[in-house]
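Undergrad: Got a sequence here, can you model it:
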Amino acid sequence: MKKLHVFFLLGLLITCISCGSDSSEKQNESVEPNDKIDEANSIAPGTEFQMKIHPKEDKDWYKVEIPGQGYLKLVSKNVPDELNAQVRFATYEEWGEEKENFLTNFLKMPAAVAFEGKDTCYALVVDRWDENASETPFTLKFEFIEEFDEHEPNNEVEAAKDIELGKAYKSAIFPKGEKDWFKFTTSEQGYLHVACKDKPEGMEVAVAVATYDEFSEEKIEYLKNLDAMPQSVVLTDPGKYYIVVSDRWDENASEKLFTWKPEFIPEMDTCEPNNTFTDAKLVACNDTVNLAVFPKDDKDIFKFTPEGPGKLKIKSRKMEDVNVSAGIYKLNEDENELKELQGVNELPITYDVVEAGMDYYIVIRDRWHEDESPETFDVIFEYNAGMGFLSE
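TA: Residues are numbered from 1 along each chain as shown. Model (predicted):
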């Protein structure tokens, strides 16, 4: 009787060990059913496992424990050509009406998602449009990447990190679609110039500049939309400004750090601000003004009101970095905008003034808005009055 009891216990122990071993093994396997988030298979980071999408509506859920701040990356190999296998990352909402709290849209692999600390990540792998299936298995692997960007988390304007102008910083755009927010304060009017180096190959590192008011309906107001570095932006007023750094089209990502530097350039143009006709600076016959075309989309607008007809000639010295040009306009009061009288051409230009007493608006700029220079130069508004000076 005692022997039977011992054999029974021994058999039970072997069974438990065997079951435990199977359970542990299946934790790193793709095991059906796993079509729902509640049925997600547990996978350890660094473990290769195989799955297949069959039938075409098949949905496979997996879950991975995130040990700390960093990124979960899913890579694949040997995916059948007929499949458009993609992943969507999520967290689990136990008390939610919908259990899936999706963190991303569907992404082609390799794909990654960021976490600010310990968490459990869920991943849904499917054929993107439920159009194709294959009985051939393919291989997946989750990789956990510890945080390597010292400024993270700063993916929202509210989490913007303070920076000093004139100091270089290292950042990474990872994962795809990431936006890094920074903020700074200036005590005077001037310009922000942002440039970068060590850019990851194939990435168009871009910057946007904005102001932020948490009490406004539109909290973020962009002074400069996202554009590839280097970029220069006018800061008309002292105050707090925000920078966002990202890939220009949210198409690329890299774990490689690159260096970027924001610099403040004090106002060098005494005519500023005069970028709109309402801020146009008055000039008289034969006046000389000193200005700069900076940044590249800068427009310096002047208003000239001759007492009689004559010939206006606008000239300046040649600039190495800027194609200094000018156009002549008048104000269309009905539409409250400038109407072109003579198109933008490289200086020197001449214009026959026929209608006396009218306000003429002269726009000085780079011909194609492609170049800029903080170097100032003189522009001369030479005016010869009298009908005899008009062109035949």
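Undergrad: What ranges in this structure fall below the confidence cut-off?
TA: By pLDDT under 70, the low-scoring segments of the chain are 1-26, 387-392.
Undergrad: In it, which residue is most central in space?
TA: Note on the chain: the residue nearest the mean C-alpha position is residue 246, at 3.6 Å, using CA atoms, centre = their mean.
Undergrad: Skip the chain neighbours and tell me the closest residue to that one.
TA: Spatial nearest neighbour of residue 246, chain neighbours left out: residue 179 (4.4 Å); criterion: CB to CB, 6 or more residues apart in numbering. Glycine gets a C-beta too; all of them are placed from N, C-alpha and C.
Undergrad: Return the residues in contact with that neighbour.
TA: The neighbours of residue 179, taking CB atoms under 8 Å, 6 or more residues apart in numbering as the test, are 155, 244, 245, 246.
Undergrad: same thing but 10 Å
TA: Residues near residue 179 by CB atoms under 10 Å, 6 or more residues apart in numbering: 154-157, 173, 206, 208, 226, 244-247, 250.
Undergrad: For those, give me CSV that also has distance to residue 48.
TA: Converted to CSV, the contacts of residue 179 look like this (distance: CB to CB, whole Å):
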residue, distance to residue 48
154, 33
155, 30
156, 35
157, 39
173, 28
206, 36
208, 40
226, 38
244, 37
245, 35
246, 32
247, 29
250, 29
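Undergrad: Using ChimeraX, define a selection of the buried residues within those.
TA: Here is the ChimeraX command that selects the buried residues among the contacts of residue 179 (16 or more other CB atoms under 10 Å):
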select :154,155,157,173,206,208,226,244,245,246,247
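Undergrad: secondary structure class for residue 38?
TA: Under the three-state scheme (DSSP: H, G, I helix; E, B strand; the rest coil), residue 38 adopts helix.
Undergrad: Hmm, residue 61 and it touching each other?
TA: Yes. Taking contacts as CB atoms under 10 Å, residue 38 lies within contact range of residue 61: 8.3 Å.
Undergrad: buried sites along the strand or helix carrying residue 345?
TA: For residue 345, the enclosing helix or strand under DSSP states H and E is strand 337-346. For strand 337-346, burial by neighbour count (16+ other CB under 10 Å) applies to 338, 342, 344.
Undergrad: picking that back up, ok, now how distant is the residue nearest to residue 246 from residue 245?
TA: 7 Å (CB to CB, to the nearest Å).
Undergrad: who touches both of these two?
TA: In terms of CB under 10 Å, 6+ apart, residue 179 and residue 245 are both contacted by the residues 154, 173, 206, 208, 226.
Undergrad: can you list these in TSV and add distance to residue 370 and secondary structure?
TA: Output for the shared contacts of residue 179 and residue 245, formatted as TSV (distance: CB to CB, whole Å; DSSP: H, G, I helix; E, B strand; the rest coil):
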residue	distance to residue 370	secondary structure
154	32	coil
173	26	coil
206	17	strand
208	19	strand
226	18	strand
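Undergrad: out of those residues, which one sits closest to residue 78?
TA: Residue 78 has its nearest neighbour among those in residue 173, at 28.7 Å by CB to CB.
Undergrad: ok so, going back, now the residue nearest to residue 246. Its backbone dihedrals?
TA: phi -130, psi 130 (degrees, to the nearest 10).
Undergrad: Also the one 3 residues further on?
TA: Note on residue 182: its backbone torsions stand at phi -140, psi 160 [degrees, to the nearest 10].
Undergrad: Helices of this protein, start to end?
TA: Shown for the chain, the helices assigned by DSSP state H span residues 2-26.
Undergrad: Going along the chain, name the strands of the stretch 251-392 of the chain.
TA: Here the stretch 251-392 of the chain has its strands, by DSSP state E, counting those that start in this stretch, at 258-266, 281-283, 287-291, 299-304, 310-316, 324-332, 337-346, 349-353, 360-366, 377-385.
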